[in-house]
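Undergrad: sequence first, then the predicted structure:
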Amino acid sequence: MTRQTDYDVLIIGAGIAGLSAALRLADRARIALLAKVSLSEGSSQYAQGGIAAVLGSQDSIEEHVNDTLDAGCGLCDEDAVRLAVERGPDCIQWLIDLGVAFTKESPLNGTTQYHLTREGGHSHRRIIHADDATGRASSTTLQQHVREHPNIDVFENHIAVDLLSSARLGLPYQRCFGAYVLDRDADKVVALTARATVLATGGASKVYLYTSNPDVSTGDGVAMAWRAGCRVGNMEFVQFHPTCLYHPEAKSFLVSEAVRGEGGKLVLPDGSEFMKGYDERGELAPRDIVARAIDSEMKRLGLDCVYLDISQQSAEFVKQRFPTIHSKCLEFGFDMTTEPLPVVPAAHYTCGGIITDRSGRTDLDGLYAVGETAHTGLHGANRLASNSILECLTFAASASEHIAEQLPLTEAPPPVPEWDESRVTDSDEEVLVAHNWDELRRAMWDYVGIVRTDKRLERAKHRVDNLRREIFDYYSLFRLTNNLIELRNLALVASLIIQSAMKRKESRGLHYTLDYPGMEETAQNSVLIPDSDK
Ligand SMILES: Cc1cc2nc3c(=O)[nH]c(=O)nc-3n(C[C@H](O)[C@H](O)[C@H](O)COP(=O)(O)OP(=O)(O)OC[C@H]3O[C@@H](n4cnc5c(N)ncnc54)[C@H](O)[C@@H]3O)c2cc1C
């Protein structure tokens, strides 16, 4: 089937942000929705805990706003926080109306209430969830609606390469007209044009060796927007989850913080405990402190991992309390009822991203960014638990409203040139891509991880600059592949994280440096500007 290539709206990314934007616009516009792999592969699918929103009668907008501002360490944009928090309850109702089966309390006074849990940093129970698979429940429902909608064309196995910007087309004004996209099955680059383009490409945690994120989280949106001339902000604030299972095949598997809550101890290979040396709350210290302590012990002793031991609890209790974790670990050969689990901290969430306003607008007319790829100002220097899906839903809603208003006023895109492959050949050295990919992620892990120093950042910069030169040469000579596109983007995003980290001469939120352990009095965002910050 030959697909149409000109749309009203092109949405790049099919996580909760992209799916929501597509559905909200579909009755008013013709939409192309892109996913790098299948519709179901993205962080959204793996979200376990839930979505934060003011739903309980004891809770209030003010308290959710204040909790978010506290977590953000002085760098949240209060207007963005208010937008997300105020629109949260309606967006949850929207999901319920679409059919998402959130977990309910037992019937109370004839009405059935939704069960709300509480997570670290929240002053109330306000996390609505679908058991421990909220992301899957929400995404699956949204995907069903998207697939059924006649105005949405879904392009799976299509990876956007670069944006079609006016500058690229040699036009004298600033606008985005869509993107060049690699059809991975046909192995061909096509131009998809649109009056409005939405980047909903998720986070960039694959830039680190260890991550809880799926393979698609390679920061493509940030890289494409930067190359098209958009500013990015606060890229140094990367949230690390303290305990991912350390096993070559257990790529994204989180060992929940509840294991520590139920008495699990973090130990070194000789069985000695170390958390009390870092914080008197021991294993129950906040996530960032635990992640830093593990990182520090691994660096001090040159370890590949530390261990999480809950074997002192009865086997019956462990199996009943952690059925999923227990059975998943058994698959990898670890029985947590009798032995400690090898764990490492892992990059989990990208707080920074493409700078947008309250309507998801970027610096380029016609280009919007929503979800984890965007920097809306909601998270500041640290993300409050379960505020990220909230951001996907609420900013997708406000961006869609703006797009719908603008579409009738926007001219159709100009004709665009076909992708030029005349000067490239098939790669003769795929091994180079694999090697650079490993080297990049290892350098970021070792030098731009949980605990930073000026010296480590300098080392990382030197290595990443060299890699980027090599990748640039390779990119100019050889035909595009998915891995090459992702590597090019990862290397650029790595360099943006390093530049932002180097600018911040203080420790704030998720950015911790031994050279500047204190916090400056005035909080400032790290804003990088293309052309000024190369
Ligand atoms: C294990 C885990 C647990 C989590 N738990 C929670 C939780 O309980 N609550 C919470 O609020 N948050 C949680 N998060 C964070 C939250 O899931 C994510 O921030 C959020 O789902 C991101 O949604 P998104 O739509 O922005 O991106 P994603 O869901 O990551 O989707 C990105 C999409 O973009 C596509 N894409 C990327 N690049 C390209 C390209 N170049 N071309 C075409 N398509 C592209 C991908 O294929 C994918 O479809 C968790 C994250 C993880 C990893």
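TA: Arrived safely. Residues are numbered from 1 along each chain as shown.
Undergrad: where does the chain dip in pLDDT?
TA: Flagging of the chain using pLDDT under 70 yields the residue ranges 1-4, 106-112, 251-252, 533-534.
Undergrad: which parts of the lengthiest helix in the chain are buried?
TA: Ranked by residue count and defined by DSSP state H, the top helix of the chain is helix 454-477. In terms of neighbour count (16 or more other C-beta atoms under 10 Å), helix 454-477 has its buried residues at R456, L457, R459, A460, K461, R463, V464, L467, R468, I471, Y474, Y475. Just so you know, the C-beta spots here come from the backbone N, C-alpha and C atoms, and that holds for glycine as well.
Undergrad: packing partners for that helix?
TA: helix 430-447, helix 482-503 (3 or more C-beta pairs under 8 Å, 6 or more residues apart in numbering; DSSP states H and E).
Undergrad: next one: it to chain centre, how far?
TA: 23 Å (C-alpha atoms, centre = their mean, to the nearest Å).
Undergrad: can you pull out the helices in the stretch 151-300 of the chain?
TA: 166-169, 220-227, 258-261, 287-301 (DSSP state H, counting those that start in this stretch).
Undergrad: tell me which parts of the stretch 151-300 of the chain are close to the ligand?
TA: I159, A160, A200, T201, G202, S212, N213, V216, S217, D220, L254 (C-beta under 6 Å from any ligand atom).
Undergrad: one more time with 5 Å
TA: Remark: the part of the stretch 151-300 of the chain in contact with the ligand comprises I159, A160, T201, G202, S212, N213, V216, D220, using C-beta under 5 Å from any ligand atom.
Undergrad: can you count the residues close to the residue of the stretch 201-350 of the chain at minimum distance from the ligand?
TA: Nearest residue of the stretch 201-350 of the chain to the ligand (C-beta to the nearest ligand atom) works out as G202 at 2.6 Å. Here the count is done by other C-beta atoms under 10 Å, and G202 has 31 residues near it.
Undergrad: can you pull out the strands in the stretch 201-350 of the chain?
TA: Assigned by DSSP state E, counting those that start in this stretch, the stretch 201-350 of the chain shows strands spanning 232-233, 238-245, 265-267, 306-309, 341-350.
Undergrad: which one of those is the most hemmed in?
TA: strand 232-233 (a mean of 28; mean count of other C-beta atoms under 10 Å).
Undergrad: can you name every helix or strand that that strand contacts?
TA: Using 3+ C-beta pairs under 8 Å, 6+ apart: strand 232-233 touches helix 220-227, strand 353-355, strand 527-528.
Undergrad: next, E257: phi, psi?
TA: The phi/psi pair for E257 (degrees, to the nearest 10) reads phi -70, psi -20.
Undergrad: please renumber so the chain begins at 596
TA: Sounds good: first residue 596 from here, last item E852.
Undergrad: show me which residues of this structure sit near the ligand.
TA: Applying C-beta under 5 Å from any ligand atom, one finds that the chain approaches the ligand through 607-612, 629-631, 637-639, 641-642, 644, 754-755, 796-797, 807-808, 811, 815, 966-967, 981, 983-984, 987.
Undergrad: on that earlier part again, dump the helices of the stretch 746-895 of the chain to a markdown table, plus mean neighbour count.
TA: As requested, those are exported to a markdown table (neighbours: other C-beta atoms under 10 Å):
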| stretch | mean neighbour count |
| --- | --- |
| helix 761-764 | 17 |
| helix 815-822 | 27 |
| helix 853-856 | 17 |
| helix 882-896 | 19 |
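Undergrad: returning to that earlier point: closest one to D1110 among the strands of the stretch 796-945 of the chain?
TA: Nearest to D1110, of all the strands of the stretch 796-945 of the chain, is strand 833-840, at 18.0 Å by C-beta to C-beta.
Undergrad: send the alpha carbons of the closest one over as CSV?
TA: Provided in CSV are the C-alpha atoms of strand 833-840 (Å, rounded to 0.1, in the frame of the first residue of the first chain):
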residue,chain,number,x,y,z
VAL,A,833,19.2,12.7,35.1
GLN,A,834,17.3,10.7,37.7
PHE,A,835,18.9,7.4,38.6
HIS,A,836,17.0,4.5,40.1
PRO,A,837,19.1,2.9,42.9
THR,A,838,18.4,-0.8,42.2
CYS,A,839,18.2,-2.5,38.8
LEU,A,840,19.0,-6.2,38.5
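Undergrad: show me how far it is from its chain's centre.
TA: Worked out by C-alpha atoms, centre = their mean, strand 833-840 lies 13 Å from the chain centre.
Undergrad: what angle sits between it and helix 1025-1042?
TA: Using axes from the mean of the first three to the mean of the last three C-alpha atoms, to 10 degrees, the direction of strand 833-840 lies 100 degrees away from that of helix 1025-1042.
Undergrad: so what does strand 833-840 touch, helix or strand wise?
TA: Counting by 3+ C-beta pairs under 8 Å, 6+ apart, the packing neighbours recorded for strand 833-840 are helix 882-896, strand 936-945.
Undergrad: that one to helix 1077-1098, inter-axis angle?
TA: Using the same axes, to 10 degrees: strand 833-840 against helix 1077-1098 is 120 degrees.
Undergrad: list the beta-bridge partners for T792.
TA: Residues in a beta bridge with T792, per DSSP bridges, are L605, L962.
Undergrad: quick one: contacts for it?
TA: Counting by C-beta atoms under 8 Å, 6 or more residues apart in numbering, T792 touches V604, L605, I606, I607, L758, C771, F772, G773, A774, G961, L962, Y963.
Undergrad: same deal with A1096?
TA: M830, E831, V1043, R1047, L1052, H1106, T1108.
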